[in-house]
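In: I'd like to go over a predicted model; first the sequence, then the structure.
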Amino acid sequence: MENYTLCILKELTQNARKINTEQISLVLDKIKKANHIFLSGVGRSGIAIQAFANRLLHLGFEVSIVGEISSPHSCPGDLLIICSGSGETTSLRSLAERAAANRVDIVLVTMKADSTIGKLASSILTLPGVTKDENNRSLEGFSQPMGTAFEQLVFLTFDSLVLNLMDESGETSETMFKRHADFE
């Protein structure tokens, strides 16, 4: 039996070194300036963005997952963060078009900056990886299936954004815990 954990960590470490810190700074600025933050993704990217929304809530931001019944109407000055490896997911493209029409700022977290959603976004955080439709042997014959490395790196990148926001705002685990759900 192969221990793939070390292979995965090696791949993620190599990919993380390629992240553009200027793009991270721009995303952080957009988050801090937003009146309300809407977040959306589908599949495993959607799970990652839900976890990010939860931490933004713990930091005190006004957030909503697109599609939930308690999500408010959007307004100019709001921010939509979309996580889509390809930047071409049909439902997310429609969402981005609607947001652009409503003058909502769009951030795209993706592997494909030149995608349809990328062309609508005001800021893009490009993470390295291969989409579910691509096949790449990235590490001496090792390759995770169907965009898995991107999805894993998304989780880590969102957590790094949270840590940056904590540093800048003076938030701690203790202050954030006061905003944690107590009905579970």
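Out: Here it is on my side, so go on. Since the model is a prediction, treat every value here as computed from it, not as a measurement.
In: which strands or helices does the longest helix seen in the chain pack on?
Out: With secondary structure taken from DSSP state H, the chain has its longest helix at helix 148-169. Other helices and strands packing on helix 148-169, by 3 or more CB pairs under 8 Å, 6 or more residues apart in numbering; DSSP states H and E, are helix 5-16, helix 21-33, helix 43-58. In this view, the C-beta of every residue, glycine as well, is placed from N, C-alpha and C.
In: lowest-confidence stretch among the ones you listed?
Out: Mean pLDDT is lowest for helix 5-16 among those, at a mean of 92.
In: give the buried residues for that helix.
Out: 7-8, 11-12, 15 (16 or more other CB atoms under 10 Å).
In: next one: it to chain centre, how far?
Out: Helix 5-16 sits 19 Å away from the centroid of its parent chain (CA atoms, centre = their mean, to the nearest Å).
In: do stretch 93-108 as well
Out: The answer for stretch 93-108 is 15 Å, by CA atoms, centre = their mean.
In: how about residues contacting that stretch?
Out: Identification of contacts with stretch 93-108 by CB atoms under 8 Å, 6 or more residues apart in numbering yields 27, 30, 34, 38, 40, 66, 74-84, 87, 115-118, 120-125.
In: which of the residues you listed fall in helices?
Out: 27, 30, 116-118, 120.
In: on that earlier part again, mind putting the buried residues of helix 5-16 into a markdown table with distance to residue 183?
Out: Formatted as a markdown table, those follow (distance: CB to CB, whole Å):
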| residue | distance to residue 183 |
| --- | --- |
| 7 | 40 |
| 8 | 35 |
| 11 | 39 |
| 12 | 35 |
| 15 | 38 |
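In: tell me the most packed of the ones in helices among the contacts of stretch 93-108, by neighbour count.
Out: With neighbours taken as other CB atoms under 10 Å, the top of those is residue 117, carrying 25 neighbours.
In: contacting residues around that residue?
Out: Here residue 117 is in contact with 82, 84, 87-89, 92-93, 96, 106, 108, 110 (CB under 8 Å, 6+ apart).
In: now pLDDT, distance to residue 49 and neighbour count too, for these, in a markdown table please.
Out: Below are the contacts of residue 117 laid out as a markdown table (pLDDT from 0 to 100; distance: CB to CB, whole Å; neighbours: other CB atoms under 10 Å):
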| residue | pLDDT | distance to residue 49 | neighbour count |
| --- | --- | --- | --- |
| 82 | 98 | 8 | 28 |
| 84 | 97 | 10 | 30 |
| 87 | 96 | 14 | 27 |
| 88 | 96 | 17 | 16 |
| 89 | 96 | 12 | 24 |
| 92 | 98 | 11 | 26 |
| 93 | 98 | 16 | 17 |
| 96 | 98 | 14 | 26 |
| 106 | 98 | 14 | 22 |
| 108 | 98 | 11 | 27 |
| 110 | 97 | 12 | 29 |
